[in-house]
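1. A predicted structure for the sequence below; I have some questions about it.
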Amino acid sequence: MINQFLWVIFPYVCMVVFVVGHIFRYRYDQFGWTAKSSEFIEKKQLMIGSLLFHLGIIPVFIGHVSGLGIPKSWTQAVGISDHMYHLGAVWGGVFFGVVTFAGMFILTFRRFSIKTVRKLSSTSDLIVNSLLLFIIFIGVYAALVTNNVVVGFDYRDSISVWFRSLFTLQPDAQLMVGVPLSFQLHVLSGFLIFAIWPFTRLVHAWSVPVNYVGRSYILYRRHERPKRKAN
Ligand code: HEM
């Protein structure tokens, strides 16, 4: 029963909340659809953290799409041996995973440690940062440590097959039962972030600001009160 909940009901609920939540937010809160930049409070850490996070997360995302979406038999059919795939996935994945983690660490540290940034943050901002940091940490841990400690475990024989089974509407919870804990925690927290996504600042990801390149800068100006003239 618990396995059915964790590996069937929970992921489906997260996916439904992700889709319906976005429709709801778009219809009722378009003015709140923003990344809520805090750049005007602190620039340097934001720039480094955000750059590292975004440079890392894009290859990590591509790695997830191929690792979870492409069956092992397909990569074998085009001549990529499991050993070769594993080497590329683990070392490439870990490299970009560490870059993503470094970026997220700086962003989270900045959000909690700089008083003015923290004051400007909502509870949802703090939860999003902490949860992302956890997901990335446990993902890198699983890829680097668990993969090397648990001999014979290959996520493409279990997690990837289970993941695809969700989308073919034939979910097989049994595939996740023997998976090491670090991977299980990573996958559950990974789904959780999708469920809260529509209600947080993460929605900015769907509004890639292509027009930033050509548009004028936003200027933040101090509002000076006009000085009273002495009588
Ligand atoms: C939605 C469900 C998710 C599943 C099923 C999943 C699955 C996986 C798997 C199987 C690995 C290990 C890859 C390997 O051993 O080479 C991994 C690693 C990783 N995941 Fe996820 N993940 C999910 C969500 C996320 C999310 C939302 C993030 C980031 C916000 C994330 C970030 C990472 C990172 C940084 C790594 C380590 C580097 C890498 O191997 O790419 N994952 N994930």
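-> Cool, got the structure.
2. Give the burial count for residue 197, as a bare number.
-> 20 (other CB atoms under 10 Å). C-beta: built from backbone N, CA, C; applies to glycine.
3. And the longest helix anywhere in the chain, what's buried?
-> Secondary structure of the chain per DSSP state H: the longest helix is helix 82-113. By 16 or more other CB atoms under 10 Å, the buried positions in helix 82-113 come out as 85, 89, 93-94, 96-108, 110-111.
4. Repeat that for stretch 164-182.
-> Of all the residues in stretch 164-182, those buried under the rule 16+ other CB under 10 Å are 164-166, 171-173, 175-176, 179-180, 182.
5. pLDDT on it, on average?
-> Average pLDDT, stretch 164-182: 97.
6. Quick one: end-to-end distance for it.
-> Counting by CA to CA, to the nearest Å, you get 20 Å between the two ends of stretch 164-182.
7. For this structure, which segments count as helices?
-> Under DSSP H, the chain gives helices at 2-4, 10-28, 44-69, 72-77, 82-113, 115-120, 123-141, 147-149, 159-167, 174-177, 181-196.
8. coming back round to it: list the helices and strands the longest helix of the chain packs on?
-> Contacts defined by 3 or more CB pairs under 8 Å, 6 or more residues apart in numbering; DSSP states H and E place helix 82-113 against helix 44-69, helix 72-77, helix 115-120, helix 123-141.
9. at 6 Å what do you get?
-> Applying 3 or more CB pairs under 6 Å, 6 or more residues apart in numbering; DSSP states H and E, we find helix 82-113 packed against helix 44-69, helix 123-141.
10. want to throw the helices of the chain into JSON lines with distance to residue 205?
-> What follows is these, written out as JSON lines (distance: least, CB to CB, whole Å):
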{"stretch": "helix 2-4", "distance to residue 205": "31"}
{"stretch": "helix 10-28", "distance to residue 205": "11"}
{"stretch": "helix 44-69", "distance to residue 205": "10"}
{"stretch": "helix 72-77", "distance to residue 205": "28"}
{"stretch": "helix 82-113", "distance to residue 205": "14"}
{"stretch": "helix 115-120", "distance to residue 205": "20"}
{"stretch": "helix 123-141", "distance to residue 205": "12"}
{"stretch": "helix 147-149", "distance to residue 205": "28"}
{"stretch": "helix 159-167", "distance to residue 205": "21"}
{"stretch": "helix 174-177", "distance to residue 205": "27"}
{"stretch": "helix 181-196", "distance to residue 205": "11"}
